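**Student:** could you work out the structure for the sequence below:
(chains A and B)
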Amino acid sequence: MAEEYTTYTAQCFKSDQEVRWCPGCGDHAILASVTKALPEVSKLLKYNSERYVFVSGIGCSSRFPYYVDTYGFHGIHGRGGAIATGVKVANPTLSVWQISGDGDSLAIGGNHFIHAVRRNIDMNLILFNNQIYGLTKGQYSPTSPLGKITKTSPFGTVEHPFNPGELVIGAQGKFFARSIDVDLNLTTELLVEAAKHDGYSVVEVLQNCVIFNDKAHAYITDRENRADRTIVLKHGEKMLFGKDRNKGLVLEGRKLKAVTVGQDGYTLDDVLTHDATTADPGIHMMLVAMEGPEMPVALGVIRNVAAATYDDGVRDQVAEVMKTAKIHNVQELLNSGETWEV
Amino acid sequence: MDKQRTVKELDEVVIRFSGDSGDGMQLVGTLFADASSLFGNGVNTFPDYPAEIRAPQGTIGGVSGFQVHLGNKKVNTPGDYCDALVAMNPAALKATLKWVKKGGIIIMDTDEFTEKNYQKAGYKTCDAVEELNLHDYNLVPANITSLTKESLKDSGLDNKSIVRCKNMFALGMVYYIFDRPLEFTNKYYEEKFKKKPEIVEANKKVLRDGYNYAENAQAIASTYRINPATELPKGRYRSINGNTATAWGLILAAEKANLPLFCGSYPITPATDILVELAKRKDLGVKTLQAEDEIAGICTSIGAAFAGNFAVTTTSGPGLSLKSEAMGLAVMTELPLVVVDVQRGGPSTGLPTKTEQSDLMQALYGRNGEAPMVVIAASSPSNCFHYAFWAGKIALEHMVPVILLTDGFIANGTEPWRIPNTADYPEIKAPIVPAGTTDYMPYARDEKRLARRWAHPGTKGVEHRLGGLEKDFLKGSVSHDPINHQKMVDIRAEKVARVADFIPEQEVFGANNADLLVVGWGGTHGHLLTAVTEMQQQGKSVALCHFNYINPLPKNTREILSRYKKIVVCELNEGQFANYLRMNFPEFNYQQMNKVQGLPFTASELIDKFNQILEGK
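**Tutor:** Reported below is the predicted structural model:
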C-alpha cells in the first residue's frame, strides 16, 4: 500500500512549547529556517512529519527539539551525536536531525562529532556556532578566537580555535555547508541540500549570542558589508562575490586569492568554478579556511560528495548474512556446535 | 606398555595448565574441558591469565593458567587445589605450586628448565626440585619441546610453528593420564584448520605422540578414570561460558519481545566477548555498533531504545563509571535498556583480567541525583543466559534501565549446560503504543508496574519529546515545578520497587532453622554451594541464601534473614552487599567474609570461616 503524503507548512512544525531563548538570539532565526525547510524536504523526499527526529545535547541550541512538533530527544552534554546515531541505526527510515553548538559538538562531544563524520551516517547536523558558552553564561568555547576575553579568560584566551569545516574535512566528511543566522533563505536552502545528501551533513550556522558574545560575526553579517566579506558558493557556478559581483577567487600557485575581475589582468576565465562534489578535499579545505580581511568567508554548500553511508552498511550486512543464515532462531543457536546427550 | 600400571577411578579431579602467556595454555585448557564435557563429565573451568597479551617471557608476571575441574557429577567450582599441574617453564611451576595438592602430578617441560629461565623466574638455584622441595609430588619430567620437534620434523612446518605445538604434546600426555578420548580434539583441529590440512595433521600427530609418550613414561604410576556424570538431568548438553550465555540470553529477550536487538558497546576486558558474540549474530538480525568510547556505547543504545529497538550495552567497571551520566538519562527518560557490567578487579584500571564483585555499590548508586535502577546478578556461567533474558524482560515490560552484573570468573568460566527449550521462556510484552493512538501521554503509567508507554518515532499521531530535564508527571514536557519533581522522584523509585512483585521469592538451600545462614550474591554461588554442601554432609547446620535479584530484593528477604541467629555475608569485595543489607534490614547482625585478591573464594577457606563462626570464635 502506498503511503500517503501530507503537504505541510512551516506552521505544522511549530510545537506548542513556549520558545525560551533570549529576545534577539540567533536561534530564533535558525528555528524559523528549519520550520521553513521541513515542508520542502517533506515534499521532495516524500517524508511525513512523524518520520523526523530531532536530537540534541546540552546548551542553548539543544533546547531546539522541544520547539519542533515531531519526535525529539534532548540528551546530555556532548552526546547528541551518539544518541542520534543509535536512533538512525535502530530505524534507518527515520530522518534524523542533530542540533548542537560549538561547545556541545567541538568540546565535550568532540569525539562523537569526528566519529559521526567519519562513519558518514545519514543524519543532518545543524551546528550553531556562536563562539561562546551561552547557557553557562559566557565562557570561551573551542571556536572563540585567540585572545578572546570572556569570564574564564579575563586576560584573553591562549588557545587556538577550531574551524568546524576543517575538522569535518579532516575527519573525511562528505558534506559541509555554512550559513549565517540572519540569512534565513540561505539557511533554509542549505538545510534542504543537507537533507537531500545521503550521509552525515554538517551545516554550520554562524549564530549571534546577543547576551554573551554580541556581534561576534558582525564583521561578515553586517548588511552593508556582507556581500563583500562573504562568498556564497554554488556548485557548478563561478566563485564570484561582492556587491557588484565583480570579485572572484582564483588559484595562484597552491593558494586561493581574491581578485577583482578586470583588474590586474584577471578575467572571468581565471575565476574558479565551484565543484562541491569532487572527493579531493584540497580546494574545499582552502575554502572553509578563508577569513577576512584578505578573503571572503565561504558560505553555501562547500562540500557535497557521494559516499557509502554507515547505516546502509549496517542494514545491508545484516540482510546479506541473514539471506544465507543457517541459524534462524535462538533455539537453533543453542543447538549449534558441539552438543551431547545425557 | 607397562601392563602393571593401575587404573584408578576417581569421583573428581582438578587439572591446571600453566605456562607463558604465549604458550597456548588457555587453548589446551579449553580443549581439555570441552573434551571432558563431550565425554559426559561435570566440568567447571577457571582461566587465570595476565593483563598483558605477551608479558615478558619466562617471568612470573607472564604466567597464564587454566584450571579445569571435572567429576562424575555436576561440579560447581573449578576446584581449590589441583591434582595435576602442567608446568611449561620454571615460572609457571613457581607461580602455581601453591595450588597443587601434596602428592599431585607435576608434568614439567624440562627443555624449558634452563639456567636463563630459572633466573627469569627468580630462582636462587637451577634446581627446582630442591629449591621448591618437590619431593612430595609425583614428578613427570619430560623434554616436551624437543619431543615436539622430533615428532614434527617431517611435517614441513617451520621451526616456530613446530615449537608452538608443544602445548598439544603436553595435552596428549594429560589425555593419557586421565584417560580422555582424542577424537573430540581431533575434530576440533579439522574444523578450526579446515583450509590448512598440514596444520591439522601436525596437531593430531603431536597430540597422539604426547599420548603415546605418557603411555611409556616410567614416572607415571597410574592412570585415572573419571566416569561420565550419570545423575545429571537427561537432555542435550553443550559447553557454555558466561559471556556467550549473556549474549544469547539477550538475543532470546529480543526474540521473545519481537524487537530488533541493538548493542552499542566499546571493547573492555573482560566484557568484550559479549560484543564479539553479538557481532557474529547478524544471522539473527542483531545490530552491533562498536562505538568510539564507553559513553557513545550507552548513548547509541539509548537512542536505539528511543527509536524502538531492544537496546543493550556491555562493559566492565571502568566503563560503567563512564556510563553513569547516561544511565541517569535512561532513568529519566524511562526507556528500556540493559547495561551489562562484567565486573573485574578495581579501582581504576585495577586488575583487568581478574575477578571481583566490587561494582555493586556503583551499580546501585553510582549516578547523580535520585536515580534507582534495577540490579540483577547472574551466578554461574550458564545462568547468565537466564538472567540476561530476565534483565531484558524487566527492562522492556517495566520501561526501566536494568543493570546485569556478572564477573570475570563466570564470564570466562565454562560449564556443561543442559540446553533449555526456548518455548519454556515467557513472551515479553513491551507497552508499545500503536499507530492511531490519540490520547498518548508520554508519562502516563499502567497501574501495576507504573510503566509508561513506549511510542516509537515513525508512528503517526504520538510524536513527543523526551530528555534529561525533569518531566511533567503526565505530559512529559519539561517541568521545574517543585511538587512535580518530588512526585517524579517518588514514582521512579516506586516503579523500581514494584519490580519485586514480578520476581520469584528468594529460596534458601538448607534448613529453615540452621545455626548459620551463609549469604552470597552473584558469581560466588558455586564456591558457597560447594562449601555449604560439604558442611551439611558433615552434619553441620548451615544454609545458603544466594541472591540474584539485588534491587529490588525479593519480598521475603527480611523474613528469611529473621529466621537465623547467625548470618555471614560472603563476597569478593570489602562488604558492599553486607552494608546494603544493613541499610535495608538494620535489625539483623551480619558477619562478613570478604576477599579482594582478584581470585574466587576457595571452598576450603569458606568452610574454615563457617566452622569458626559456628564454634563462636
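**Student:** how far off centre is stretch B:216-226?
**Tutor:** Relative to its chain's centre, stretch B:216-226 lies at 33 Å (C-alpha atoms, centre = their mean, to the nearest Å).
**Student:** which residues are in contact with that stretch?
**Tutor:** By C-beta atoms under 8 Å, 6 or more residues apart in numbering or on different chains, the list of residues contacting stretch B:216-226 from outside reads B:1-2, B:5-13, B:36, B:41, B:70-72, B:105, B:138-142, B:173, B:176-179, B:214. For the C-beta atoms, the positions are set from N, CA and C on the backbone; glycine is no exception.
**Student:** narrow those to those in helices?
**Tutor:** Judged by DSSP state H, the contacts of stretch B:216-226 include B:36, B:173, B:176-177, B:214 as members of helices.
**Student:** give me the residue at the spatial middle of chain B.
**Tutor:** residue B:410 (1.6 Å; C-alpha atoms, centre = their mean).
**Student:** wait, isn't that residue in contact with residue B:548?
**Tutor:** No - counting by C-beta atoms under 8 Å, residue B:410 sits too far from residue B:548 to count as a contact (11.9 Å).
**Student:** need the residues touching each of the two.
**Tutor:** The contact lists of residue B:410 and residue B:548 share B:378-379, B:522, where a contact means C-beta under 8 Å, 6+ apart.
**Student:** report the contact partners of residue B:395.
**Tutor:** Residue B:395 neighbours (C-beta under 8 Å, 6+ apart): B:310, B:336-338, B:374, B:401-402.
**Student:** mind doing that once more with 10 Å?
**Tutor:** B:253, B:257, B:305, B:310-312, B:330, B:335-339, B:373-374, B:401-404, B:428, B:430 (C-beta atoms under 10 Å, 6 or more residues apart in numbering or on different chains).
**Student:** buried subset of the contacts of stretch B:216-226?
**Tutor:** For those, a burial check counting by 16 or more other C-beta atoms under 10 Å in any protein chain shown picks out B:13, B:36, B:41, B:70-72, B:105, B:138, B:140-142, B:173, B:176-178, B:214.
**Student:** farthest-separated two in those?
**Tutor:** B:72 and B:141 (30.2 Å; C-beta to C-beta).
**Student:** can you get me a residue count around residue 79?
**Tutor:** You didn't say which chain, so I picked chain A. 31 (other C-beta atoms under 10 Å in any protein chain shown).
**Student:** my bad, chain B
**Tutor:** Residue B:79 - counted by other C-beta under 10 Å - has 26 other residues nearby.
**Student:** hang on, the earlier thing: same list, the shared contacts of residue B:410 and residue B:548, but as a markdown table with pLDDT, distance to chain A and neighbour count please.
**Tutor:** Conversion of these to a markdown table gives the following (pLDDT from 0 to 100; distance: C-beta to the nearest C-beta, whole Å; neighbours: other C-beta atoms under 10 Å in any protein chain shown):
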| residue | pLDDT | distance to chain A | neighbour count |
| --- | --- | --- | --- |
| B:378 | 98 | 17 | 30 |
| B:379 | 98 | 20 | 26 |
| B:522 | 98 | 23 | 26 |
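**Student:** ok and the residue in the stretch 51-200 of chain B nearest chain A?
**Tutor:** Nearest to chain A, among the residues of the stretch 51-200 of chain B, is residue B:184, at 7.4 Å (C-beta to the nearest C-beta).
**Student:** give me phi/psi at that residue?
**Tutor:** Per-residue torsions, residue B:184: phi -60, psi -40 (degrees, to the nearest 10).
**Student:** residue B:347: neighbour count?
**Tutor:** Applying other C-beta under 10 Å, I find that residue B:347 has 12 neighbouring residues.
**Student:** how about whichever residue of the stretch 1-150 of chain B sits closest to chain A, what does it touch?
**Tutor:** Minimum separation of the stretch 1-150 of chain B from chain A (C-beta to the nearest C-beta) falls at residue B:38, amounting to 5.3 Å. By C-beta under 10 Å, 6+ apart, the contact set of residue B:38 is A:338-340, B:180-181, B:183-185, B:187, B:228, B:237-239, B:416.
**Student:** for residue A:52, which non-adjacent residue is spatially closest?
**Tutor:** residue A:70 (3.9 Å; C-beta to C-beta, 6 or more residues apart in numbering or on different chains).
**Student:** the one you found reaches residue B:461, doesn't it?
**Tutor:** No - here residue A:70 does not reach residue B:461: they are 11.9 Å apart, not a contact under C-beta atoms under 10 Å.
**Student:** between these two, which one's more packed in?
**Tutor:** Between residue A:70 and residue B:461, residue A:70 has the larger neighbour count (other C-beta under 10 Å), namely 23 against 14.
**Student:** for that one, give me its contacts.
**Tutor:** A:12-13, A:15, A:38, A:48-54, A:94-95, A:97, B:457, B:463-465.
**Student:** cutoff 7 Å now
**Tutor:** Contact analysis of residue A:70 by C-beta atoms under 7 Å, 6 or more residues apart in numbering or on different chains lists A:13, A:49-50, A:52-54, B:463.
**Student:** how many other residues sit next to residue 182?
**Tutor:** In the absence of a named chain, this looks at chain A. 18.
**Student:** nope, chain B please
**Tutor:** Look at residue B:182: counted by other C-beta under 10 Å, it has 17 neighbours.
**Student:** shouldn't it be in contact with residue B:207?
**Tutor:** Yes - here residue B:182 lies in contact with residue B:207, judged by C-beta atoms under 7 Å, at a distance of 6.0 Å.
**Student:** would you mind measuring from the closest residue in space to residue A:217 that isn't next to it in sequence to residue B:96?
**Tutor:** Spatially, and ignoring its direct neighbours in sequence, residue A:217 is nearest to residue A:206 (4.5 Å; C-beta to C-beta, 6+ apart). Per C-beta to C-beta, to the nearest Å, residue A:206 is found 66 Å from residue B:96.
**Student:** closest to residue A:216 among the buried ones among the contacts of stretch B:216-226?
**Tutor:** The closest of the buried ones among the contacts of stretch B:216-226, once distances to residue A:216 are taken by C-beta to C-beta, is residue B:36, at 71.3 Å.
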